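Enquirer: this one's structure only:
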Ligand SMILES: NC(=O)c1ccc[n+]([C@@H]2O[C@H](COP(=O)([O-])OP(=O)(O)OC[C@H]3O[C@@H](n4cnc5c(N)ncnc54)[C@H](OP(=O)(O)O)[C@@H]3O)[C@@H](O)[C@H]2O)c1
């Protein structure tokens with residue numbers, strides 16, 4: 001296992017982190033973790049050098065607002081000496097915070113679930129315009145300072161799902177130790193993106209990457225034209241290996257979290273992490289990844305540029321996010337991943353579900369997109385149980 005220095009904390013973190021959002025489950029029910037298998041996978045990873053474990057309050061639950069089973073699972077699975085071998089990270093459910101007391105309530109609840117006195121790395125979960133403003137008003141920095149002071153948490157950070165300008169604003173607003181962003185070879189320019197990674201790194205913050213395989217979108221049902229590009233490489237590698245090596249090639253990346261669902265994933269990813277040094281890809285390999293990126297992008301369904309002119313919707317629908325979701329659904333054909341995003345948008349009152357077809361957005365759209373038609377298509381896909389195209 002390779003290790004990198006985690007920004008200003010100076011901790012040595014394994015380049016592969018164990019993400020506990022996609023543990024193996026029973027009966028297709030996300031709240032029923034296959035605990036025996038998940039424990040075996042986690043122990044294998046730790047025994048082979050993984051020392052960063054990431055979870056969050058809602059993981060393995062039935063909705064984002066309710067608590068899930070991931071933290072409780074970890075509390076048990078990290079017994080017998082495993083807790084001491086890892087940096088444990090979990091996240092405050094930002095969208096559930098209504099008043100100041102909620103901040104301490106959730107943290108104390110999480111310490112109990114995780115059966116630990118201190119959470120090494122504590123994140124404000126999924127910061128975006130919607131979650132950030134209310135948290136600031138509730139003096140979240142004071143809360144983080146006091147939780148560090150009384151050692152309920154070691155270091156404070158945040159995970160992020162919004163645009164780059166908000167990311168830099170948040171980075172500049174507090175003495176964060178680290179941040180967690182979505183990054184993979186398809187998302188270099190969306191959300192915080194590569195520019196956000198570089199910005200956090202320049203501030204000496206630890207950097208964590210989530211969704212390195214786009215939640216399985218880059219590895220499941222790989223289209224034959226994309227596979228044909230990979231097959232031209234001199235060295236034979238799986239699509240997962242290409243995606244992980246793409247990230248570890250970048251020295252600014254500290255930890256790549258992988259949401260491993262099967263023992264084979266853990267074994268493969270641990271093995272790759274043994275020699276995935278920074279700056280180790282050749283120019284030809286980087287060009288090949290670029291070719292794959294272009295081939296995926298050619299599969300886009302809606303020509304939305306996310307300019308935002310259609311906003312704001314009188315019914316609160318986040319139109320660019322919904323159209324982006326529809327594109328992802330067509331490109332990656334991963335129903336599980338897309339349905340999860342849709343349920344998150346619905347929980348935030350942003351999904352196509354809230355469209356009443358008034359058509360105001362279409363009058364403002366710079367690309368003349370029949371938005372109502374696509375929002376309807378989204379409802380048909382995610383609110384009825386249909387199969388991917
Ligand atoms: N803070 C946030 O807002 C946030 C959001 C998302 C994720 N996260 C964290 O980041 C972690 C990683 O994100 P993610 O779970 O979306 O990660 P990911 O690694 O992009 O996707 C995980 C999926 O990739 C596939 N996979 C993993 N290793 C593989 C391999 N070697 N070969 C083939 N397929 C492989 C599996 O898909 P199949 O099972 O379908 O084969 C697995 O379910 C999460 O577990 C969570 O801890 C945080």
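Expert: Structure's in. What do you need? In this text, all values refer to a predicted model and were calculated from it rather than measured experimentally.

Enquirer: how about the secondary structure of the closest residue to residue 320 other than its chain neighbours?
Expert: Of all residues beyond its chain neighbours, the one nearest residue 320 is residue 306 (4.1 Å), with distances taken as CB to CB, 6 or more residues apart in numbering. (C-beta placed from N, C-alpha, C; glycine too.) Under DSSP: H, G, I helix; E, B strand; the rest coil, the three-state class of residue 306 is coil.

Enquirer: check contacts around residue 306.
Expert: 320, 323-324 (CB atoms under 8 Å, 6 or more residues apart in numbering).

Enquirer: what helix or strand is residue 4 on?
Expert: strand 3-5 (DSSP states H and E).

Enquirer: what is that strand packed up against?
Expert: Identification of packing neighbours for strand 3-5 by 3 or more CB pairs under 8 Å, 6 or more residues apart in numbering; DSSP states H and E yields strand 12-14.

Enquirer: and the strand it packs on, which strands flank it?
Expert: Looking at strand 12-14 with DSSP bridges, its paired strands and their directions are strand 3-5 (antiparallel).

Enquirer: ok, now how distant is the most centrally placed residue in the chain from residue 36?
Expert: Among the residues of the chain, residue 210 comes closest to the average C-alpha position under CA atoms, centre = their mean, at 3.9 Å. From residue 210 over to residue 36 the distance is 26 Å, taken as CB to CB, to the nearest Å.

Enquirer: what's the pLDDT at residue 191?
Expert: Among the per-residue scores, residue 191 shows a pLDDT of 89.

Enquirer: which stretches of the stretch 251-389 of the chain form strands?
Expert: Remark: strands assigned in the stretch 251-389 of the chain by DSSP state E, counting those that start in this stretch are 255-258.

Enquirer: shaky segments in it?
Expert: Low-confidence segments of the stretch 251-389 of the chain, defined by pLDDT under 70, span residues 385-389.

Enquirer: near the ligand, which residues of it?
Expert: Residues of the stretch 251-389 of the chain found near the ligand (CB under 6 Å from any ligand atom) are 257-261, 265, 268-269.

Enquirer: name the member of those with the most neighbours.
Expert: For these, the largest number of neighbours (other CB atoms under 10 Å) sits with residue 258, at 29 neighbours.

Enquirer: contacting residues for the closest residue to that one other than its chain neighbours?
Expert: Once its chain neighbours are removed from consideration, residue 258 has its nearest residue in residue 269; the separation is 5.1 Å (CB to CB, 6+ apart). Contact criterion CB under 8 Å, 6+ apart gives 16, 240, 244, 258, 260 as the residues in contact with residue 269.

Enquirer: for the helix or strand where the second one lies, packing partners?
Expert: Residue 240 is located in helix 239-248, with elements delineated by DSSP H and E. Helix 239-248 sits against helix 224-230, strand 255-258, helix 263-272, helix 283-297, with contacts defined as 3+ CB pairs under 8 Å, 6+ apart.

Enquirer: try it again with 10 Å
Expert: Counting contacts by 3 or more CB pairs under 10 Å, 6 or more residues apart in numbering; DSSP states H and E, helix 239-248 is packed against strand 206-210, helix 224-230, strand 255-258, helix 263-272, helix 283-297.

Enquirer: care to break this structure down by domain?
Expert: Following automatic domain parsing, one finds the domains of the chain at 3-290, 319-383.

Enquirer: could I get these as a markdown table with distance to residue 296?
Expert: Rendered in a markdown table, the data for the domains of the chain read as follows (distance: least, CB to CB, whole Å):
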| stretch | distance to residue 296 |
| --- | --- |
| domain 3-290 | 6 |
| domain 319-383 | 6 |
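
Enquirer: rewinding a little: just the pLDDT for the residue nearest to the centre of the chain.
Expert: Residue 210 is assigned a pLDDT of 95 by the prediction.

Enquirer: which residues does it contact?
Expert: Going by CB atoms under 10 Å, 6 or more residues apart in numbering, residue 210 touches 17, 19, 21, 54, 159-161, 180-184, 255-259.

Enquirer: go on, residue 154?
Expert: With the criterion set at CB under 10 Å, 6+ apart, residue 154 makes contact with 9, 11, 87-89, 118-122, 147-148, 177.

Enquirer: go through the helices and strands packed on helix 239-248 and pick out the most buried.
Expert: Looking across those with neighbours counted as mean count of other CB atoms under 10 Å, the highest average goes to strand 255-258: a mean of 28.

Enquirer: so which elements touch it?
Expert: Applying 3+ CB pairs under 10 Å, 6+ apart, one finds that strand 255-258 contacts strand 12-14, strand 16-19, strand 52-54, strand 87-92, strand 178-182, strand 206-210, helix 239-248, helix 263-272.

Enquirer: nearest to residue 28, of these?
Expert: Taking CB to CB as the measure, these were each checked against residue 28, and helix 263-272 came out nearest at 18.3 Å.

Enquirer: quick one, what contacts the one residue in the stretch 201-350 of the chain that gets nearest to the ligand?
Expert: At 1.9 Å from the ligand, residue 259 is the closest residue in the stretch 201-350 of the chain, using CB to the nearest ligand atom. Under the criterion of CB under 10 Å, 6+ apart, the neighbours of residue 259 are 18-23, 54, 59, 210-213, 215-216, 265.
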